[in-house]
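S.K.: only geometry, no sequence info:
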C-alpha cells in the first residue's frame, strides 16, 4: 500500500517548466462542451488523470476511456515516485484528477501544473458495496452513468460467482476464521470467512499479536503492498497475500479473481 511522502521541491521545479503548457492546455470541462449550434451539450469524453492504477480502475469502471496513470505499477511505494514533466503536462490537460486521502501529493501535483482540473478524492476500498458507490459517484461526475451501470451488472455477476467458488472450497464445509490487515477485509468478505480480528496499518505490537493468536485464526489475509513478513508466527494460520492494486489494464475484476484463487489455494482447493 502506498504511503504519503513526496518530493515537493521536484514538483515545484517542474511546474516552472510547465507554466506555458498549463496556461494553454486546459480544455473545457464536459459540462461546458457545446454543440456547433451552441444549444445542445456534446458528449465529450472526460480526460482523467489518476495517481495509481487503483484509482484508474475505478475511473475505467465508471466509464472513463481516456485515463492517464501517473505512478507506474512497478513502483511499489507511490510516494517514492518523482513525477516527470510529461506527468504534469497530462495533469494540465485533464478534466479530473483522482487521488486517495493517503496521497496528499496529488493536490501538489495539480498546484504545480496549474491545472484547472477538478480534484476528486476517492475512497479506495475493494469492498463491493463501497466500490459500487464510488463508481456510481464518479460516473455522475463524468457524465457516464450508462457505462457504469453496465459495468456494475457484469461486476455483480462475476463477484457472486467468485464468492460461491471460494465458499465451495471451505475446509470441511465450514467458514474459516480469519485475521485481516485493515485494507484486506474485503477479501474476507469475498471468502465468506468469519472475521476474528484486524491489524495494521501500524506494526503489530506483542500484545496485539498475542490477542490475535489467541483467537486461533485459520487464515491471515496480509496486504501484499505493506507486508512486513509473517504476521502470526507459530500460530498455525496460513498467510495469504492479498493484492489491492489492479494491473496496467485497470481491470478491477482481475483483483477479485486473483484474491479468490489465492484464497482457494490456501484452503486446500485448486
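M.R.: Perfect, thanks for sending it. Because the structure is predicted, anything quoted here is derived from the model rather than measured.
S.K.: quick one: the strands in the stretch 151-270 of the chain, in order.
M.R.: For the stretch 151-270 of the chain, applying DSSP state E, counting those that start in this stretch gives strands covering 177-181, 194-199, 219-223, 238-242.
S.K.: mean neighbour count, distance to residue 68 and mean pLDDT added to the ones you listed, as CSV?
M.R.: Every residue, glycine included, has its C-beta placed from N, CA and C. As requested, these are exported to CSV (neighbours: other C-beta atoms under 10 Å; distance: least, C-beta to C-beta, whole Å; pLDDT from 0 to 100):
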stretch, mean neighbour count, distance to residue 68, mean pLDDT
strand 177-181, 24, 29, 97
strand 194-199, 17, 34, 97
strand 219-223, 25, 26, 96
strand 238-242, 20, 27, 97
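S.K.: dump the ones you listed into a markdown table; add distance to residue 209 as well.
M.R.: Below are those laid out as a markdown table (distance: least, C-beta to C-beta, whole Å):
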| stretch | distance to residue 209 |
| --- | --- |
| strand 177-181 | 10 |
| strand 194-199 | 8 |
| strand 219-223 | 11 |
| strand 238-242 | 13 |
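S.K.: of these, which is nearest residue 97?
M.R.: Of all the strands of the stretch 151-270 of the chain, it is strand 219-223 that lies closest to residue 97, at 25.3 Å by C-beta to C-beta.
S.K.: show me what counts as buried in stretch 187-196.
M.R.: Within stretch 187-196, the residues scored as buried using 16 or more other C-beta atoms under 10 Å are 187-191, 193, 195-196.
S.K.: what's the closest of the strands of the stretch 151-270 of the chain to residue 120?
M.R.: Nearest to residue 120, of all the strands of the stretch 151-270 of the chain, is strand 219-223, at 24.1 Å by C-beta to C-beta.
S.K.: for residue 95, give its distance to residue 214.
M.R.: 52 Å (C-beta to C-beta, to the nearest Å).
S.K.: same thing with residue 142?
M.R.: 48 Å.
S.K.: tell me the centre residue of this structure?
M.R.: residue 54 (2.7 Å; C-alpha atoms, centre = their mean).
S.K.: contacting residues for that residue?
M.R.: Residues in contact with residue 54 (C-beta atoms under 8 Å, 6 or more residues apart in numbering) are 100, 124, 244-246.
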